[in-house]
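*Asks:* Okay, here's the prediction I keep looking at, along with the sequence it came from:
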Amino acid sequence: MSRRPAGWYPLLVATASIGIANSVVFSLLSNLQDRYGFSDGGLGLIAGSGFLVGLIGQIVLAPFADRGHSKALLLAGLGAAVLGSVLFAMSASLITLVASRAVTGLSNSLFLPAARAIAISISPENVAERLGTMSGVELAGFVTGPVIGGFLVGPFGLKVPFLVTGAFALAGAALLAPRKLPQPFIDRESGEPRRLALDLLRLPRVRAGVLMSVALFLPVGFYDATLDVYLTDRGASDMLIGLTFLAYGIPFTLLATAGGRLSDRRGAVRVAFVSTMLVAPVTASYGLLAAPILILVLTVVEGCLQALGVPASQSMVAAAAPLGRAAAAQGLAGGSNLLIAAVTAYSAGTLYKLLGAAWLYSIAAGGVALFAILSLWQARVGRAAEAVATVALDGNLSPELS
């Protein structure tokens, strides 16, 4: 493993704190619904608003990390996480809850693309391994938030969990602020970093990485909007709901670095595709289980599979990004993830009510498989295009070399 810079571990701590602040609400949705009396559609509005704001933010803001502003984006993201947590604690209606979720969602779009670009810039070797470590820490924070919410809401009420998780983000900012971090490469001659991330979709290999990332992230919107309610309907306590999120996160956190290492050795496309095609039937199985403890066990299985696929998909994006566009490419993948999560989250509450859990999670599983197959197709298109370009280049050079 390559040597880490001095700011690597504070960066990981801050990454975890962003996840904590963003996810605490997902174990409190049924409590908030009971307190403020909004419909199941309101669950989707709360979950989806963060994704929608994050989508816009990652596409528009991530390229600034490629222009030399990566640390400023990190600190701004942590500040937004603190502000969103305080707003959640002060909220007393569906509208203010949606607005609070939008602010915390913005923290993700400010922080994560810049953090991943920094991880990529450390060394050209073991990129997937570092991205796996960062993803594991990010997910560890994301599943810790619901656990904190589940444990604190009973004895302390709805405000305290948000304030506690906001304090984690504040601590992350205090740790990161004095640290010197690697700077993502800036291609000042071409001017590429000044473009929005969307132009990268012209590259087949970038499309392949984005599609694979979307395939793995697609179920998240369904889970975030409905899993709390689904488990509650089956008699799960707040504590068990929190533990279910934790059961997903522990294996992911423990295995993500190893998953990234496997991707570096065996090939990112292969590892990502196999793991994604295994995630699909697992996703469908959620709707077929009635006992909360069995659902908890299934989350452990999915956490293991995602720990293989997520670093591989991020590595696909990193390998396909043009020089000086690392943050923009990661922001594009992250924004695409948030787009699909927003669409699924906004619709999940209504679909859950109309169709039930079995159909809901089967639809999610079908989407996972579809995007994975499209990704593999685009990866092959990209390889074919590169092969043609190589042959053409060799043909142009050969007379001069003969």
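*Replies:* Received the coordinates, thanks.
*Asks:* Residue ranges in the stretch 1-150 of the chain under the pLDDT threshold?
*Replies:* 1-6 (pLDDT under 70).
*Asks:* My error: substitute the stretch 301-402 of the chain in the last question.
*Replies:* Those would be 388-402, if you go by pLDDT under 70 across the stretch 301-402 of the chain.
*Asks:* show me where it has helices.
*Replies:* 326-355, 357-401 (DSSP state H, counting those that start in this stretch).
*Asks:* Against which helices or strands is the shortest one packed?
*Replies:* Using 3 or more Cβ pairs under 8 Å, 6 or more residues apart in numbering; DSSP states H and E as the contact criterion, the secondary-structure elements in contact with helix 326-355 are helix 40-61, helix 94-121, helix 204-233, helix 292-320, helix 357-401. Backbone N, C-alpha and C define where each C-beta goes, glycine included.
*Asks:* Tabulate the helices of the stretch 301-402 of the chain in CSV, adding columns for mean neighbour count and distance to P10.
*Replies:* Output for these, formatted as CSV (neighbours: other Cβ atoms under 10 Å; distance: least, Cβ to Cβ, whole Å):
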stretch, mean neighbour count, distance to P10
helix 326-355, 24, 19
helix 357-401, 15, 34
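*Asks:* Which of the helices and strands packed on helix 326-355 sits closest to V24?
*Replies:* helix 94-121 (9.0 Å; Cβ to Cβ).
*Asks:* Select, out of the helices and strands packed on helix 326-355, the one closest to L243.
*Replies:* helix 292-320 (6.6 Å).
*Asks:* and that closest one, which residues are buried?
*Replies:* 292, 295-296, 298-320 (16 or more other Cβ atoms under 10 Å).
*Asks:* what's the answer for stretch 201-219, then?
*Replies:* 203-219.
*Asks:* Include distance to K180 when you put the helices and strands packed on helix 326-355 into TSV, please.
*Replies:* Formatted as TSV, those follow (distance: least, Cβ to Cβ, whole Å):
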stretch	distance to K180
helix 40-61	22
helix 94-121	11
helix 204-233	30
helix 292-320	23
helix 357-401	36
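*Asks:* Indicate which one of these is closest to A80.
*Replies:* Across the helices and strands packed on helix 326-355, closest to A80 is helix 94-121 (Cβ to Cβ), at 3.7 Å.
*Asks:* now for the helix or strand immediately after the closest one in the chain, which elements pack on it?
*Replies:* Once helix 94-121 ends, the next helix or strand along the chain (criterion: DSSP states H and E) is helix 127-156. Identification of packing neighbours for helix 127-156 by 3+ Cβ pairs under 8 Å, 6+ apart yields helix 8-23, helix 94-121, helix 159-176, helix 238-266, helix 292-320.
*Asks:* quick check: angle from the helix or strand that comes right after the shortest one to helix 159-176?
*Replies:* Going down the chain from helix 8-23, the next helix or strand is helix 29-36, by DSSP H and E. Following axes from the mean of the first three to the mean of the last three Cα atoms, to 10 degrees, one obtains 130 degrees for the angle between helix 29-36 and helix 159-176.
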